[in-house]
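In: Below are the sequence and a predicted model; questions follow.
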Amino acid sequence: MTTLIPRPDRATIKAQVLAISGELLRELGNSPGIETLQGALQGSANLERDLGLGSIERLELLSRLERSLGTSLPEKDVAEAKTVDDIVAAIAGAPEGARVETEQSPAQSVNAAEHNSQTMESTHARSESGPRHPNRAGAGDTIRPAQSDAGFLRRVWETIYGIYAAGLFFIWLPLSWLIVLVMPGGRPASRMTSISLRIYFWLIGLRLHMIGKEHMDAYGACIYVSNHTSYSDVPVIMALFRTDYHFLAKSEINHMPFVGTFLRKLGHFAFERSKLRARSRQAEEMEKALLRGESLFVFAEGTFVAEPGVRPFQLGAFRAAVKTGRPIVPVVLRGARRFHQDGTILPRPSEINVTVCPALFANADSTGREWAEVLRLRDETRRIISTHSGEPLLRPGESRPLGEPPTS
């Protein structure tokens, strides 16, 4: 690797990286991330989990570092960096042996901390929700056979339902895939997929409700931004959204059996997460699609977990909205997390509500302060989704709310 800055300046480089990262976090309104940078973690802080720096934010950080240092940085190393120390090592051009030590030690510490945290949480959950041993019952504990029987019968029913729903899905999937495979791409394939999904959900008794249909197609080309809660989010949206739009998905999904065919035939977009400037070019493609009059659908959290809560949003959709002047339309999923929760195999009987909210527009006079407008749109969209979903706003990398949980 070409040495950009001499090794003796490593401490200076780290100070610059921490300062610029802190400035960016302040603009993002990420106080916990700033505290992390100033605390014991500092260089070992995980860029995404601890600091909330997704691809767009990391691209902004790369741009600011290049301006500050007056040189071009190794994009691949910055894109693949897990911690602040990894970025410092990439800039300083540390030898491979030193790079490995720098990258592995914090990662091992983080993995160990995550493992210990998960073990403690799992033990706590078992102690809170698991059945009490008869010999350990306190003086005030009483055994309630009726409640125990009801819980057992409910679990039996949910298991039977889950096996039926999963079995029917694995029959439905190849049949629908074959039909979509031979159909013309684009709108015909999209309509066929939507119809077949509605039939499947009807057969398994999943109750789907859409609120705010009047906000669909009411603004021309727009960006639908939704919370991401479970495996079922995409099928539910495809079943209910009877309008033209492009999903934004990870490029890896294009290579998945069956699912990749659906996405390609339906004309949805895929992006490469590991290349920062490639992501910038893909953001430009999003903007071009909006200017052509095509709508986009984005799960702004980027991923989902089992625990409820609205996690930090990635900024790509909001930047595209500011650049093109097209509106953000918040879409709220409620109930999908219960239907097919992360970490579970079988779905459960549920009711899913999808709420389409009124559009949010970027201020027309935002020239020169686009970054602030991007953050305003992001924060307002998160607030709306949190309110309608009944799930709290969460800090970057944490599972506790920013404040009191909103009322639904």
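Out: Thanks, I have the structure now. Numbering: from 1, shown residues only.
In: From here on, just use CA atoms for contacts and neighbour counts.
Out: Fine.
In: you'd agree Ile195 is up against Ala239?
Out: Yes - using Cα atoms under 8 Å, Ile195 is in contact with Ala239, at 6.8 Å.
In: higher neighbour count, the two?
Out: Neighbours per residue (other Cα atoms under 10 Å) separate Ile195 from Ala239, with Ala239 holding more: 21 against 14.
In: The more buried one contacts Met192, doesn't it?
Out: No - using Cα under 8 Å, Ala239 is not in contact with Met192; the gap is 9.8 Å.
In: shared neighbours of Ile195 and Ala239, anything?
Out: With Cα atoms under 8 Å, 6 or more residues apart in numbering applied, the contact sets of Ile195 and Ala239 do not overlap.
In: Following the lowest-mean-pLDDT helix or strand in the chain in sequence, what is the next regular element?
Out: One helix or strand of the chain scores below all others by mean pLDDT, DSSP states H and E: helix 96-129, with a mean of 40. Downstream of helix 96-129, the next assigned helix or strand under DSSP states H and E is helix 145-182.
In: Buried residues of that next one, list them for me.
Out: Residues 158-159, 161-162, 165, 169, 176-177, 180-181 are the ones in helix 145-182 that count as buried (16 or more other Cα atoms under 10 Å).
In: buried sites along the helix or strand following it?
Out: Heading C-terminal from helix 145-182, the first helix or strand you meet, by DSSP H and E, is helix 187-203. In terms of neighbour count (16+ other Cα under 10 Å), helix 187-203 has its buried residues at 189-194, 196-198, 200-201.
In: Gln38 - how many residues pack around it?
Out: 14.
In: Can you pull the phi/psi pair for it?
Out: Backbone torsions of Gln38, given as degrees, to the nearest 10, read phi -90, psi -10.
In: which one among the buried residues of helix 187-203 gets closest to Asp244?
Out: Nearest to Asp244, judged by Cα to Cα, of the buried residues of helix 187-203 is Ser190 at 8.5 Å.
In: which residues does the closest one contact?
Out: Residues in contact with Ser190 (Cα under 8 Å, 6+ apart) are Leu266.
In: going forward, begin numbering at 10 instead of 1
Out: Happy to do that; since the first residue is 10 now, the last one works out to Ser199.
In: what does the model give it for pLDDT?
Out: pLDDT recorded at Ser199 is 84.
In: Go ahead and list the helix or strand containing Ile100.
Out: helix 93-101.
In: next one: Met219
Out: If you go by DSSP H and E, Met219 is part of strand 216-220.
In: Can you name every helix or strand that that strand contacts?
Out: When contacts are defined as 3 or more Cα pairs under 8 Å, 6 or more residues apart in numbering; DSSP states H and E, strand 216-220 packs onto strand 360-365.
In: do that again at 10 Å, thanks
Out: With contacts taken as 3 or more Cα pairs under 10 Å, 6 or more residues apart in numbering; DSSP states H and E, strand 216-220 sits against helix 196-212, helix 242-249, strand 337-343, strand 360-365.
In: Quick one: work out the angle between the following helix or strand past the shortest one and strand 337-343.
Out: Reading on from strand 360-365 to the C-terminus, the next helix or strand found by DSSP H and E is helix 379-398. Regarding helix 379-398 and strand 337-343, their directions subtend 30 degrees when assessed with axes from the mean of the first three to the mean of the last three Cα atoms, to 10 degrees.
In: Now do the buried residues in helix 379-398.
Out: In helix 379-398, counting by 16+ other Cα under 10 Å, buried: 379-380, 382-387, 390-398.
In: cool, stretch 212-219 as well?
Out: 213, 215, 217.
In: which residues touch the second one?
Out: Listed by Cα atoms under 10 Å, 6 or more residues apart in numbering, the contact partners of Leu215 are 174, 207, 209, 348, 357-361.
In: just the residues you listed now: which is nearest Val340?
Out: The closest of the contacts of Leu215 to Val340 turns out to be Ile361 (Cα to Cα; 12.8 Å).
In: now the closest one, nearest residue through space, not along the chain?
Out: Spatial nearest neighbour of Ile361, excluding adjacent residues (Cα to Cα, 6 or more residues apart in numbering): Gly344 at 4.5 Å.
In: Verify the contact between the one you found and Pro356 for me.
Out: No - Gly344 is not in contact with Pro356 according to Cα atoms under 10 Å; the separation is 11.8 Å.
In: Name the residues contacting each of those two.
Out: Gln350.
In: Which one of the two is surrounded by more residues?
Out: Pro356 (22 against 18).
In: did I read that right, that one in a helix?
Out: No - counting by DSSP: H, G, I helix; E, B strand; the rest coil, Pro356 is not part of a helix but coil.
In: Quick one: residues contacting it.
Out: Contact analysis of Pro356 by Cα under 10 Å, 6+ apart lists 167-168, 170-175, 240-241, 345-350.
In: Return the two entries of those residues that lie farthest from one another.
Out: Tyr173 and Arg346 (18.9 Å).
In: Touching, Pro339 and Val365? I think so.
Out: Yes - assessed by Cα under 10 Å, Pro339 is found in contact with Val365 at 6.2 Å.
In: Pairing-wise in the sheet, spell out the partners of Val365.
Out: Beta-bridge partners for Val365, by DSSP bridges, are Val340.
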